[in-house]
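> generate coordinates for the sequence data below:
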Amino acid sequence: MSFAEDHAAWAAARLAALKAEDGWLHLTDRVEISPGRHEVGRGEEAEIRISAGPERLGVLTLGEDGSAALDAGAGPLAFVAAPEGTPQLRTGGLLLEISTLEGQAALRVRDLTDPAREAFAEIPAYPPDPAWRILADWEKLPEAEDLRIGTVTGVETSARITHRARFLHEGREVALLPTHWKKGKPMFVIRDATSGRETYGASRFLIGEPEGDRIVLDFNRAFNPPCAFTDFAVCPLPPRENILPFPIRAGEKKLA
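This next block holds a predicted model:
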C-alpha cells in the first residue's frame, strides 16, 4: 500500500470513529455526580438535568466503587465497561457513560438520534506530506517521572512519563513526551506555531508507533482533541516540552 493509500485509509477510519455511537460529535451533556441515587431527565424536577432524551429518564444509582445502574421503571440496568474501560449503558436513544477524572465521576450523555452525526462529512486537514512522517529515537528514561498535566477546564491531572521521542527538525533537537497511552500506544499532546491560527488552539494529539528503539511519528495523523468538537469534553494540555516553536503544517486543521 502506498503512503497516500495508507493515509487515506487512516483518515477514513478516523472519520468513522468520530461519527460512531461513542464518538464525540453527539455528546450533549457532561454533569459531575456523587455516589448515591439521582433522578435523571430533561424535566425541571430532575436532580440531574440533561438536554436530550425523555422528561424523566430514570433513577441513576452510582456506587462508591464506581459501579452504576439506571432504573427507568422496569428494574435497574447496569452500566457495562466498554473496551476502553468506561462504563456505558444504551437506553431511550441515548448512550450514557460514567467517566472519572481525578476521582470525580461525571455522567456523559450522547444523543444517538442526532442527525448532525451523519451530516458531518469531513475534517479539514493539510495535504498529506511524507516528509512529516518522522522516524525518531525512542528513549526509555533512566527513571520514570511524574508530571502534572493541565486540562482545558483547569483541572490538573497526573501522568507518569517513562519514555521520550527525540528527533532533529531543521537542526533543532526536539524531545516529545508521551503523557497518555491509547490501546497500548504512546500518545503525545502537542502544540506548535500553527495552533490557534490554522490548527486547534489548545492542542492536537498524535499516536506514536514504536519499533524497537525507534518510533514513527507521522504528523500527518496529528488529530484534533475531543474538545474541538464538543464543549462537554475534558482535554489535556501539552507539557512545556511538547509546545513547539515551529509550524507543523500536517494533520488535521481547526474546524471552520
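> how much space between the nearest residue to E241 once chain neighbours are set aside and I123?
Closest residue to E241 apart from its sequence neighbours, by C-beta to C-beta, 6 or more residues apart in numbering: L177 at 5.1 Å. Every C-beta, even on glycine, is put in place using the N, C-alpha and C of the backbone. For L177, the distance to I123 equals 25 Å [C-beta to C-beta, to the nearest Å].
> what of F79?
F79 is 30 Å from I123, where distance means C-beta to C-beta.
> ok, T179 next?
23 Å.
> which one's more surrounded, these two?
Per other C-beta atoms under 10 Å, whichever of T179 and I123 has more neighbours is T179, with 22 against 18.
> quick one: the more buried one is in a helix?
No. Assigned with DSSP: H, G, I helix; E, B strand; the rest coil, T179 falls outside any helix and is strand.
> tell me the SS of the nearest residue to it once chain neighbours are set aside?
Excluding its sequence neighbours, the residue lying closest to T179 (C-beta to C-beta, 6+ apart) is A159, at 4.1 Å. Put simply, A159 is strand when judged by three-state DSSP.
> any idea how far stretch 66-82 is from the chain center?
What separates the centre of stretch 66-82 from the centre of its chain is 24 Å, taken as C-alpha atoms, centre = their mean, to the nearest Å.
> again with stretch 45-62
With C-alpha atoms, centre = their mean as the basis, stretch 45-62 stands 25 Å off its chain's centre.
> so T86 is in contact with E97, correct?
Yes. The criterion here is C-beta atoms under 8 Å, and T86 meets it with E97 at 5.1 Å.
> settle it for me: which of the two has more neighbours?
Neighbour totals were compared for T86 and E97, and E97 leads with 20 against 15 (other C-beta under 10 Å).
> got phi/psi on that one?
Phi and psi for E97, reported as degrees, to the nearest 10, are phi -140, psi 150.
> how is this protein partitioned into domains?
Following automatic domain parsing, the chain resolves into domains at 18-119, 122-242.
> any residues touching the longest strand seen in the chain, and which ones?
For the chain, the longest strand by residue count, based on DSSP state E, is strand 133-149. Residues outside strand 133-149 that contact it (C-beta atoms under 8 Å, 6 or more residues apart in numbering): 3, 156-167, 176-177, 179, 189, 208, 210-220, 236-237, 239.
> do stretch 110-129 as well
Here stretch 110-129 makes contact (C-beta under 8 Å, 6+ apart) with 3-4, 7, 11, 14-15, 18-19, 21-23, 25-28, 52-53, 90, 93-97, 220, 223-224, 249-256.
> okay, and which of the contacts of strand 133-149 map to strands?
157-167, 176, 179, 189, 210-211, 214-218.
> any of these buried? List them.
Buried subset of the ones in strands among the contacts of strand 133-149 (neighbour count, 16 or more other C-beta atoms under 10 Å): 157, 159, 161, 163-165, 167, 176, 179, 189, 210, 215-218.
> spit out the contact partners of the residue nearest the centre of the chain.
By C-alpha atoms, centre = their mean, the chain has its centre lying nearest to P226, at 4.8 Å. P226 makes contacts with 24, 27, 233, 235, as judged by C-beta under 8 Å, 6+ apart.
> quick one: which two of the residues you listed are the most distant?
L27 and C235 (12.3 Å; C-beta to C-beta).
> tell me how far the helix or strand where A105 lies is from the chain's mean position?
Secondary structure from DSSP states H and E places A105 in strand 104-111. Once both centres are worked out by C-alpha atoms, centre = their mean, strand 104-111 turns out to sit 14 Å from its chain's centre.
> following that strand in sequence, what is the next regular element?
Following strand 104-111 in sequence, per DSSP H and E, is helix 116-119.
> comparing the domains of the chain by mean pLDDT, which bottoms out?
Mean pLDDT values for these show the minimum at domain 18-119, a mean of 92.
> centre of the chain to it, how far?
Computed by C-alpha atoms, centre = their mean, the chain-centroid distance of domain 18-119 equals 17 Å.
> again, but for stretch 144-157
That offset, for stretch 144-157, works out to 15 Å (C-alpha atoms, centre = their mean).
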